[in-house]
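Visitor: Curious how this folds, go ahead:
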Amino acid sequence: MSSNTISFVIGEAPPPRLDKAIARDVPEGAALSRTRLARLVAAGAVSVDGVVTLDPKVRVAEGAQIEVTVAQAQDSHIAPEDIPLEIVYEDADLIVVNKPAGMVVHPAPGSPSGTLVNALMHHCGDDLSGVGGMKRPGIVHRIDKDTSGLLVVAKSDAAHHGLADQFAAHTVERYYRALVYGAPDAADPRLRGIKGTNFEPGNVLKITTQLARHKTDRQRQAVLFQGGRHAVTRARLVERYGNPEVLAQIECWLETGRTHQIRVHMAHAGHGLVGDPVYGGRRKLARGALSDAAAAAVAAFGRQALHAAVLGFDHPISGAQMRFEAPLPDDFETLLGLLR
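Guide: Predicted coordinates:
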């Protein structure tokens, strides 16, 4: 297998560990993350002053000559599949897609094929320059199988690192549209009594909790206030439906991006998503609040009513500001039409 060698010198005042020092000083163009470099150290692909070093914790001095041997990207075990995709944008480094509801993002034991990654493997072909040493798309964020909307995927290691850094720093713009039971409003005293919820100016509901996997149901996330991972969701009313009002369309945006975050947070606030099979998206509506056709459509809606509508980020290579919008899919739009 062919490979290339990256040579560089450790600069002033290096961190005490080899892995941290080389992560700091490796040329940016090499597009090697600290995790990837640690794996290369363990694989015997890093030498210090001509001596192969397997210990990532070894001390390294200023002026040490480093050589990193990087093998050519290997073919992935993930099979390409000719699945139609709605491509919103594509260049040599990344691709933005509008994922349909019902498509899993990445292969897993329960979904080994038919995923977005399988489709991208076929669509991108030889354009994938390698992510983590493997010719595969770089998934930096996901949306649930039955959530529709926008995803950005890296086609190169450099783009993958740049996008991952932005998601980690919470600088990516992500707006969702959802249909929920009730209407979250600052005038509702019930919401003010729910721990972790408050309202910001402009009638913006802010939900701040910790999230972790449910203790007994591994398919669910649970709201916590100690332990778990910090999660912040904001939501504002877009449109109300019914007489009396029984449903509302909301716009949500994420400060963090945790599994099921919007779904579990809105359920915690008492405004679960219509159609959500995990967090209670089936409720009885007040008799006569909606037309018979609208009430039947709500009851029959077969997925959580959630759509990733806006995605904005800085291009990881050029630095250009990028922002994309995806209209509501037909099933969602049809349902709203009946509610109106």
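
Visitor: those strands in the stretch 51-200 of the chain, which residues are they?
Guide: Using DSSP state E, counting those that start in this stretch, the strands found in the stretch 51-200 of the chain span residues 51-52, 65-71, 74-75, 87-90, 94-99, 134-135, 138-139, 148-154, 173-181, 197-200.

Visitor: Switch those strands over to TSV; also include mean pLDDT, mean neighbour count and distance to Gly114.
Guide: C-beta coordinates here come from the backbone N, C-alpha and C atoms, glycine included. TSV is the format used below for those (pLDDT from 0 to 100; neighbours: other Cβ atoms under 10 Å; distance: least, Cβ to Cβ, whole Å):
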stretch	mean pLDDT	mean neighbour count	distance to Gly114
strand 51-52	92	10	43
strand 65-71	87	17	30
strand 74-75	60	11	20
strand 87-90	95	14	18
strand 94-99	95	22	12
strand 134-135	53	18	20
strand 138-139	82	22	16
strand 148-154	95	25	16
strand 173-181	96	22	24
strand 197-200	92	15	38
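
Visitor: Of the ones you listed, which is nearest Leu18?
Guide: strand 65-71 (8.7 Å; Cβ to Cβ).

Visitor: What is that closest one packed up against?
Guide: strand 3-9, helix 18-25, helix 34-42, strand 46-48 (3 or more Cβ pairs under 8 Å, 6 or more residues apart in numbering; DSSP states H and E).

Visitor: What about Ala267? Give its phi and psi, please.
Guide: Here is the backbone geometry of Ala267 (degrees, to the nearest 10): phi -60, psi -40.

Visitor: thinking again about what came up before, of all the strands of the stretch 51-200 of the chain, which one is nearest Leu237?
Guide: The closest of those to Leu237 is strand 173-181. By Cβ to Cβ, the value is 9.7 Å.

Visitor: before we move on, what SS does Ala294 have?
Guide: With DSSP: H, G, I helix; E, B strand; the rest coil as the basis, Ala294 sits in helix.

Visitor: So what's the residue count around it?
Guide: Per other Cβ atoms under 10 Å, the neighbour tally for Ala294 reads 21.
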